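> Sequence and predicted structure, then a few things I'm wondering about:
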Amino acid sequence: MYSRNMKKIIVGIIVSVLFVIFGCAKDPELPSADLKSYSFKQWMEEYAPNAVPLPMNDDVYIEFKYRNPEPWPDSLIPRLYSWFTIDYTGYTLDGRVFVSRQSEIIRRCGTWKRTTHFGDEFSQWYPDGGIWCTGLLEAMTILHRNDSARIYISVPFAYPEDTMKRNVGTAGETSKYVGYPVYFDVRFKECLNYPTIYWRDSLIRFVEEKWGQKAEDSIFVGCYMRKLVENPNGYQIDTDSSVYVHYKQAFLDNHLIYSDNDSVNYVAGTYNAEKSYYPINKVCGSTTDAYEDFYNRLLPYMRKGETAEFAMIAGWAPQGKEGDPMGVPQLLPYENSILTLYTYDDSVWSDTTILTE
């Protein structure tokens, strides 16, 4: 009996202590948000004394590594719904990388994946529902083109909730660092009110540098073609023609987005033994196909038994304008791509040769 009473007393003491601890933690004069902000600023004084708070937010600090003396023209100052491209690496305050657009950093961290794409991509600046935390978005408004800076962000303006929208396969963003203060190394590369001009000019630069074609060589506006396998005696694919076809979609740096071709997936390391890679039978000119516009535009430039690459502005490609935010890799809006079509004679459709990239 004595032992039981002693246990009750000990348990009572523990509960009382916990009540006092958590009661103090909830004291309205010392809210946890204020304590986190205070500790963050103490850390900044100790470990980043050269950083200064943003004019509009003293929970976000910035330290310039390079400051471009030429500011943006007034018409291009980063603002709501503008488009930008940046290089960035994100860290927790103890120096652990949790995201990076630099493939060599991700490789060192051991989180690199074949499905991670590290090419330049445009993202849209908007405060709610995007992939960027509030503190980083606010800091971007004072950056100039080619600026390099380290941006320190306290918890309320980092990831206070599970708001990270990028999938794990894109650049490493996950929700494991919600509730942590973070900092980013950033190089702000470009900002546009609308990416149409960049979209067009980057495609022209690509075909000039990689394919040796000129701007006027497009088969129609915003689309260029080169044939990898020609079959001059093959059946011409025109309206109402039925043809077996595979396709491959890739970024301009040839990083695979998606393919229904088994050989392509073998090479890319994305082959799935449980999936069927049987070619799709398409009718040129069909108005009932989900991708009717894509196939109807391109197939008339081919014959059966040919393979051709089409470098195109995003608007002509599947999901090009809207992108595929949940895809692996993620396809952002207005991302140019290369579409490769493999057409087959009716009697010989299978593609048994493993392709080399």
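Looks like it came in fine.

> Tell me, what's the model's pLDDT at the nearest residue to Glu322 once chain neighbours are set aside?
Nearest residue to Glu322 in three dimensions, chain neighbours excluded: Pro333, at 5.9 Å (C-beta to C-beta, 6 or more residues apart in numbering). In this view, the C-beta of every residue, glycine as well, is placed from N, C-alpha and C. Pro333 is assigned 75 on the pLDDT scale.

> for Arg107, same thing?
Arg107 is given a pLDDT of 82.

> what about it, neighbour count?
Neighbourhood size, Arg107 [other C-beta atoms under 10 Å]: 12.

> What helix or strand is it located in?
If you go by DSSP states H and E, Arg107 is part of helix 103-109.

> So what are the sheet partners of the next helix or strand after that helix and their directions?
Remark: after helix 103-109, the chain's next helix or strand is strand 123-124, criterion DSSP H and E. Paired strands of strand 123-124, with direction, are strand 83-92 (antiparallel) (DSSP bridges).

> in the partner strand, what's buried?
Judged by neighbour count using 16 or more other C-beta atoms under 10 Å, the buried positions of strand 83-92 are Trp83, Phe84, Thr85, Ile86, Tyr88, Thr89, Gly90, Tyr91.

> Using JSON lines, please lay out the residues you listed together with distance to Asn231 and pLDDT.
Putting the buried residues of strand 83-92 into JSON lines (distance: C-beta to C-beta, whole Å; pLDDT from 0 to 100) gives the following:
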{"residue": "Trp83", "distance to Asn231": "41", "pLDDT": "83"}
{"residue": "Phe84", "distance to Asn231": "44", "pLDDT": "83"}
{"residue": "Thr85", "distance to Asn231": "40", "pLDDT": "84"}
{"residue": "Ile86", "distance to Asn231": "45", "pLDDT": "87"}
{"residue": "Tyr88", "distance to Asn231": "46", "pLDDT": "89"}
{"residue": "Thr89", "distance to Asn231": "48", "pLDDT": "90"}
{"residue": "Gly90", "distance to Asn231": "50", "pLDDT": "89"}
{"residue": "Tyr91", "distance to Asn231": "54", "pLDDT": "90"}
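
> what's the burial count for the residue lying closest to Arg200 once chain neighbours are set aside?
Distances taken as C-beta to C-beta, 6+ apart place Ile313 nearest to Arg200, at 6.4 Å, with adjacent residues excluded. Ile313 has 23 neighbours, counted by other C-beta under 10 Å.

> Next one: Ile313 from Leu298, what distance?
Ile313 sits 13 Å away from Leu298, going by C-beta to C-beta, to the nearest Å.

> again with Gly212
Note on Gly212: its distance to Leu298, by C-beta to C-beta, is 21 Å.

> between the two, which one's more packed in?
Neighbour count, other C-beta under 10 Å: between Gly212 and Leu298, Leu298 has more, with 23 against 9.

> Not including adjacent chain positions, what is the nearest residue to that one?
In space, Leu298 is closest to Phe310, 5.7 Å off (C-beta to C-beta, 6+ apart).

> Quick check: bridge partners of that neighbour?
When assigned by DSSP bridges, Phe310 has beta-bridge partners Met225, Leu339.

> Also Val182?
Thr92, Ile153.
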